[in-house]
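*Asks:* the sequence and its predicted three-dimensional model are supplied below.
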Protein chains: 4
Amino acid sequence: MPTALQLQEVVADATPLLGGGKVADYIPELAKVPSGKLGIAVCSHRGVVGAGDFEEAFSIQSISKVFALVLAMGLYDEQELWSRVGKEPSGNPFNSLVQLEFERGKPRNPFINAGALVITDMLQSRLSAPKQRMLEMVRELSGNPHIVSDKLVAASEYQHSARNAAIAYLMKSFGNFDNDVDAVLRTYFSHCAIRMSCADLARAFFFLSNKGSGLDHQNRLSEKQNRQVNALLATCGLYDGSGEFAYRVGMPGKSGVGGGIVAVVPGQMSVAVWSPELDPSGNSVAGVAMLEMLSKRLGRSIF
Amino acid sequence: MPTALQLQEVVADATPLLGGGKVADYIPELAKVPSGKLGIAVCSHRGVVGAGDFEEAFSIQSISKVFALVLAMGLYDEQELWSRVGKEPSGNPFNSLVQLEFERGKPRNPFINAGALVITDMLQSRLSAPKQRMLEMVRELSGNPHIVSDKLVAASEYQHSARNAAIAYLMKSFGNFDNDVDAVLRTYFSHCAIRMSCADLARAFFFLSNKGSGLDHQNRLSEKQNRQVNALLATCGLYDGSGEFAYRVGMPGKSGVGGGIVAVVPGQMSVAVWSPELDPSGNSVAGVAMLEMLSKRLGRSIF
Amino acid sequence: MPTALQLQEVVADATPLLGGGKVADYIPELAKVPSGKLGIAVCSHRGVVGAGDFEEAFSIQSISKVFALVLAMGLYDEQELWSRVGKEPSGNPFNSLVQLEFERGKPRNPFINAGALVITDMLQSRLSAPKQRMLEMVRELSGNPHIVSDKLVAASEYQHSARNAAIAYLMKSFGNFDNDVDAVLRTYFSHCAIRMSCADLARAFFFLSNKGSGLDHQNRLSEKQNRQVNALLATCGLYDGSGEFAYRVGMPGKSGVGGGIVAVVPGQMSVAVWSPELDPSGNSVAGVAMLEMLSKRLGRSIF
Amino acid sequence: MPTALQLQEVVADATPLLGGGKVADYIPELAKVPSGKLGIAVCSHRGVVGAGDFEEAFSIQSISKVFALVLAMGLYDEQELWSRVGKEPSGNPFNSLVQLEFERGKPRNPFINAGALVITDMLQSRLSAPKQRMLEMVRELSGNPHIVSDKLVAASEYQHSARNAAIAYLMKSFGNFDNDVDAVLRTYFSHCAIRMSCADLARAFFFLSNKGSGLDHQNRLSEKQNRQVNALLATCGLYDGSGEFAYRVGMPGKSGVGGGIVAVVPGQMSVAVWSPELDPSGNSVAGVAMLEMLSKRLGRSIF
């Protein structure tokens, strides 16, 4: 496990990268985030260490897709789940409809928008209060009962949801979407708008480095399911930058357009980084760099 | 490391899967292979163990793409190499031209046909006898000086090379192909037609589980390069079945339409399996199953 | 102008084709139509002649796209209109989203679903009661005040509108859709569900063969606009069967999945045919055949 | 038929458009053409009138695709011919491979490169000297025995033929290409490199406005075939600008990247224009404009 000093060096060495990306601006609320933030936190059995802005909460956005998948894996059996969403990298931007039409409404994987919308549709079918249930899970996993979803961000995303609505209706036209599109979109944006800090996220993802068992000693996934989620993160977690991320960092991970990235070293630790400026694939520029440094300096690539 | 007995059990348990796939028949020479073959071999510092038809040579086909990449990594610096071929999963069948046209002649990764053709073009530019150099490398890596390329198979592939020629000419039209297409195709097919057994392949790939250093103690790759190759294998090694392979097996790997698959457990061992019947993605049905059993029984997933 | 006898022969000669296509069944209300219908009507300055079921009303479906375009050409100037929708054949099925995404939300032409949805969106912006205005226009053009839109059909289409909703939301995400998607879909389906007979349609389309001036002597289009609409019908009127239709029939035309087709011989006459069984491109099998016979026997190809 | 004075006015009115396009420069020989040329010629039963540079020969390029189709229609029956090439507009740039792969090697129509390459392959199969036969035909049709193919241009195109080779090999991989790719490419480029003037072209295309019968009173096509060719020209003749051309000009036509365009008014006359600067679709800017003026001033739209 890295020391606080090592993490501070990582933050310092990533600072010159600020200014090299672009804060997500497709919704006004996200564009308001100050661009100069940098944070990193690592969680192992021995607890959490962090550096920089690691205790400041931000919008987790697509990182919530991992929580949603984990929830769904507890509600559906393997065959049901994977009949509705695939396990392959998409090779396309995160919100493309082209592939979805060719593949007749079955999204490539649960970590692109289409896949997460199907997963949310499945949660909506089995849970009476999916927004609340998600919040409960992230609070339990992180040990932070104060985590909330930002209603302004969720509302702002809903105001700009035309493309996600297009994706959902396209899946509905192929029979792969059961609930009211509007209701599912509201749940989906509520999940995306959850605010967590790097410290929260590192704690919350610890279970994926620990055979499915969280800091609260609850089993969230079986060992096999845990390996499966990590495998999906390794091949599909960073949109169409997943290969580059594996090449440079070598850890299963998931990014969000809020600038956060979580990564997992199986058997050892979970990591969360944050910096709001994004590269053209939608991944945090300084975030990827911090993970690359960590991987190189600690030899934590899984490859 | 598994025992010979464990491997024999794996072979026995995979035997009922025979008949569930289809031997590659797009070239007559490959279609002649008896479909009922099953072999597995594992190589670690302690040597090789195997079971089934693990000492019978077969056509390695696309597994040669890994050797070609490793050769090219020794001849070109990182920036030169990756300016001509990408690092992302393709999300498409191995021989599709659609993506290649949209992405203006730069193939997605070195393990689809387009990428391997560019790599072969690069070898052709820097090596005076690329076919012979490849043979020398696989002989050294495997310690078997009798490895040859099957001229009948290479000739048969050349007779049916229209699609690969189309791919090469399309890249040429975008300025990403330097040599005579015909000459490069002949080298490419010579590489594909190399015949090796599971034992040969397990030995030859040991370096990827050993920080780039082979059984002959030669350094083929730096530690960093070795991690990079393993990362690419994990995300792109099994065509559009790479995600499923990561989910089920959890090892970086590469398949060939001859029915062979190699896989790597970094720091521990290399594995080679063979069974000629393929699934619709072009990967060996029983081969994937044997690797899945091995992974489950020995806990060798990297995730 | 053909005689009633000639038209009866056309109907007789097309009768053996019944059974060779498939009635549209994507919405239950349309699937109820008896498949054995055959009608043809021709309108010139001298009036209307018809044969077969030419006085029986049916769902005009996509034929309404022509009326919608004509309405929009009266409300918007040329530049405004064609900045939002193109003039090129699509080369794709009528409801594909792929091209729409590549071309950033601008539909290929006004006669595919995406294009007609944009046109309807434009009507919605400028007309207080677009459904009623459309009915008024077709009643005036055909001289039949009893024409109505079938509320059951419109409601049934609305119940199965997921793909059209996906198309509309995708255009909205690119900024090419102004009004509430739901409201526009209701208007669109109301237009599609208008019921007219071949006699009604032949009369209503007479203006396109008469320099824009209808049987009621109202100028619907300028001469130039009229040529433009006919040109668009000739290149884009039959979805991805437009080239085949030009090759076989040689008249600008528009088909609907209700089995109707209208065609225009500029300067001479308008024709409407009806037979509910469709070919795989969504065009009436016997309808195309009747127009082909008419074209061959009367020499009415424009080519 | 227009007078020489009317054509001079057309040329004068098009002159300000010079400088608004770009001379084709993908092969060096074509880029040498002086960009300021403007010519127009019209041919009817009464002979030829012309204006501007109408007697200066230029590279006909893709206009040769019409001659090739006409030759093939005389050598193959309808079913054979259209089993290998389609009749629909492509909706894509003239040299795209995407559609060709999706449609399994059958080109959309004979006027895109893929289609013309298949047609040339068919000519190669049935003619002992296809280059010479083509020259004979255009000499007979135009009454000009001095027409030649420019060997420098043909050689220059062959030097830059990678994309056309890719297209040909892709069709070969689907079984839709019989002869040696290299030999067919040489024939194809020889056809493209034929040099004709507007006067030559207007005479040579007169047969398409005259029920298939040329100025030499030879029947090149039956009446029905003639209508079919004109229908294909109307829907597919100007690549992905065919709809716009029909909208603005309203005549079946065919363009070439040498800057020439031919157009047909069935029953009346043939027109040829020339100006080397092209729009982004590869069609002559001033050429389209001259045809639009002619159409507007003489009322010669077929719609």
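*Replies:* Happy to help now that I have it. What you see is a predicted model; the values in this text were computed from it and never measured. Numbers count the residues shown, from 1 in each chain, chains lettered A, B, ... in the order given.
*Asks:* residue at max distance from the center of chain A?
*Replies:* Checked against the mean C-alpha position of chain A, the extreme residue using C-alpha atoms, centre = their mean is A:Ser173, at a distance of 27.3 Å.
*Asks:* let me see the contact set for it.
*Replies:* A:105, C:162-163, C:166 (C-beta atoms under 8 Å, 6 or more residues apart in numbering or on different chains). For every residue, glycine as well, the C-beta is placed using N, CA and C.
*Asks:* contact residues of the stretch 1-150 of chain A facing chain B?
*Replies:* Residues of the stretch 1-150 of chain A lying near chain B by C-beta under 8 Å from any C-beta of the partner chain: A:86-92, A:99, A:108-109.
*Asks:* which parts of chain A are strands?
*Replies:* Listed in chain order, the strands of chain A (DSSP state E) span A:22-23, A:39-44, A:47-52, A:58-59, A:195-196, A:253-255, A:260-265, A:269-274, A:277-278.
*Asks:* could those strands go into a markdown table alongside mean pLDDT and mean neighbour count?
*Replies:* Listed next are the strands of chain A as a markdown table, based on pLDDT from 0 to 100; neighbours: other C-beta atoms under 10 Å in any protein chain shown:
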| stretch | mean pLDDT | mean neighbour count |
| --- | --- | --- |
| strand A:22-23 | 94 | 16 |
| strand A:39-44 | 98 | 27 |
| strand A:47-52 | 97 | 21 |
| strand A:58-59 | 97 | 27 |
| strand A:195-196 | 98 | 23 |
| strand A:253-255 | 97 | 29 |
| strand A:260-265 | 98 | 28 |
| strand A:269-274 | 98 | 30 |
| strand A:277-278 | 96 | 22 |
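*Asks:* can you list the domains in chain A?
*Replies:* Here the domain parsing of chain A from automatic domain parsing is A:4-61+A:194-298, A:62-192.
*Asks:* can you pull out the low-pLDDT segments for chain A?
*Replies:* A:92-95 (pLDDT under 70).
*Asks:* now for the residues of the stretch 1-150 of chain A next to chain B, which pair is the farthest apart?
*Replies:* A:Lys87 and A:Asn92 (15.6 Å; C-beta to C-beta).
*Asks:* the two: which is more packed in?
*Replies:* A:Lys87 (22 against 19; other C-beta atoms under 10 Å in any protein chain shown).
*Asks:* that one and A:Gln79, how far apart?
*Replies:* To A:Gln79, A:Lys87 is 13 Å away according to C-beta to C-beta, to the nearest Å.
*Asks:* point to the residue nearest the middle of chain A.
*Replies:* For chain A, the residue nearest the mean C-alpha position is A:Ile63 (1.5 Å; C-alpha atoms, centre = their mean).
*Asks:* which non-adjacent residue is nearest that one?
*Replies:* A:Gly256 (4.3 Å; C-beta to C-beta, 6 or more residues apart in numbering or on different chains).
*Asks:* so that neighbour makes contact with A:Phe67?
*Replies:* No. Using C-beta atoms under 8 Å, A:Gly256 is not in contact with A:Phe67, being 11.4 Å away.
*Asks:* more neighbours, the two?
*Replies:* A:Gly256 (27 against 21).
*Asks:* for the more buried one, give me its contacts.
*Replies:* A:59-64, A:192.
*Asks:* so who does the residue of chain A found nearest chain D touch?
*Replies:* Residue nearest to chain D within chain A: A:Phe102 (9.1 Å; C-beta to the nearest C-beta). The contact partners of A:Phe102, taken as C-beta under 8 Å, 6+ apart, are C:Val98.
*Asks:* tell me which of the residues of the stretch 1-150 of chain A next to chain B is nearest to chain B?
*Replies:* A:Gly91 (2.8 Å).
*Asks:* how deep is that closest one tucked in, by neighbour count?
*Replies:* For A:Gly91, using other C-beta under 10 Å, the count is 24.
*Asks:* so how far is A:Trp82 from the closest residue to it other than its chain neighbours?
*Replies:* Using C-beta to C-beta, 6+ apart and skipping the chain neighbours, the partner closest in space to A:Gly91 is B:Gly91 (2.8 Å). Applying C-beta to C-beta, the value for B:Gly91 to A:Trp82 is 17 Å.
*Asks:* and for A:Phe245?
*Replies:* Counting by C-beta to C-beta - A:Phe245 and A:Trp82 are separated by 23 Å.
*Asks:* could you do A:Ala286 as well?
*Replies:* Separation of A:Ala286 from A:Trp82 (C-beta to C-beta) stands at 35 Å.
*Asks:* more neighbours, the two?
*Replies:* Shown here are A:Ala286 and A:Trp82; by other C-beta under 10 Å, A:Ala286 has more neighbours (32 against 16).
*Asks:* isn't the more buried one right next to A:Ser275, touching?
*Replies:* Yes. Because the distance of 3.7 Å satisfies C-beta under 8 Å, A:Ala286 is recorded as touching A:Ser275.
*Asks:* might you report the residue contacts of A:Phe111?
*Replies:* Counted by C-beta under 8 Å, 6+ apart, A:Phe111 has contacts A:62, A:65-66, A:69, A:232-233, A:236-237, A:239, A:254.
*Asks:* again but with A:Met137, I slipped
*Replies:* A:67, A:70-71.
*Asks:* if we use 10 Å, what do you get?
*Replies:* Contact partners of A:Met137, counting by C-beta atoms under 10 Å, 6 or more residues apart in numbering or on different chains, are A:67-68, A:70-71, A:74, A:204, A:214, A:218, A:220.
*Asks:* next one: A:Gln225
*Replies:* Per C-beta under 10 Å, 6+ apart, neighbours of A:Gln225: A:69-70, A:73-74, A:78, A:211-212, A:219.
*Asks:* quick one: A:Glu277 and A:Ser156, what's the gap?
*Replies:* A:Glu277 is 20 Å from A:Ser156, by C-beta to C-beta.
*Asks:* say whether chain C is contacted by stretch A:78-88.
*Replies:* No. Interface with chain C: stretch A:78-88 contributes nothing (C-beta under 10 Å from any C-beta of the partner chain), its closest point being 15.9 Å away.
*Asks:* contact residues of chain A facing chain D?
*Replies:* A:Phe102.
*Asks:* now the helices for chain A?
*Replies:* In chain A, the helices defined using DSSP state H lie at A:4-14, A:28-31, A:64-75, A:78-84, A:98-102, A:113-126, A:130-142, A:151-159, A:162-173, A:181-192, A:198-204, A:223-236, A:242-248, A:285-298.
*Asks:* give me the nearest residue to A:Ala31, chain neighbours excluded.
*Replies:* Using C-beta to C-beta, 6+ apart, the closest residue to A:Ala31 is A:Asp25 (4.0 Å).
*Asks:* is it true that the one you found touches A:Lys32?
*Replies:* Yes. Assessed by C-beta atoms under 10 Å, A:Asp25 is found in contact with A:Lys32 at 9.5 Å.
*Asks:* ok, A:Lys199 - contacts?
*Replies:* In this structure residue A:199 is Ala, not Lys. A:39-43, A:48-50, A:54-57, A:142-144, A:272.
*Asks:* nope, A:Asp200 is what I was after
*Replies:* When contacts are taken as C-beta under 10 Å, 6+ apart, A:Asp200 is in contact with A:41, A:43, A:48, A:54-55, A:57-58, A:60, A:138-139, A:141-144, A:146-147, A:194, A:272.
*Asks:* mind doing that once more with 6 Å?
*Replies:* Counting by C-beta atoms under 6 Å, 6 or more residues apart in numbering or on different chains, A:Asp200 touches A:142, A:144.
*Asks:* picking that back up, just flag the most distant two among the contacts of A:Phe111.
*Replies:* A:Leu69 and A:Tyr239 (15.5 Å).
*Asks:* of the residues of the stretch 1-150 of chain A next to chain B, keep whichever come out buried.
*Replies:* Listed as buried from the residues of the stretch 1-150 of chain A next to chain B are A:86-92, A:99, A:108-109; burial here means 16 or more other C-beta atoms under 10 Å in any protein chain shown.
*Asks:* turn those residues into a markdown table, including distance to A:Gly260.
*Replies:* Listed next are these as a markdown table, based on distance: C-beta to C-beta, whole Å:
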| residue | distance to A:Gly260 |
| --- | --- |
| A:Gly86 | 25 |
| A:Lys87 | 24 |
| A:Glu88 | 24 |
| A:Pro89 | 21 |
| A:Ser90 | 21 |
| A:Gly91 | 24 |
| A:Asn92 | 22 |
| A:Gln99 | 26 |
| A:Arg108 | 22 |
| A:Asn109 | 19 |
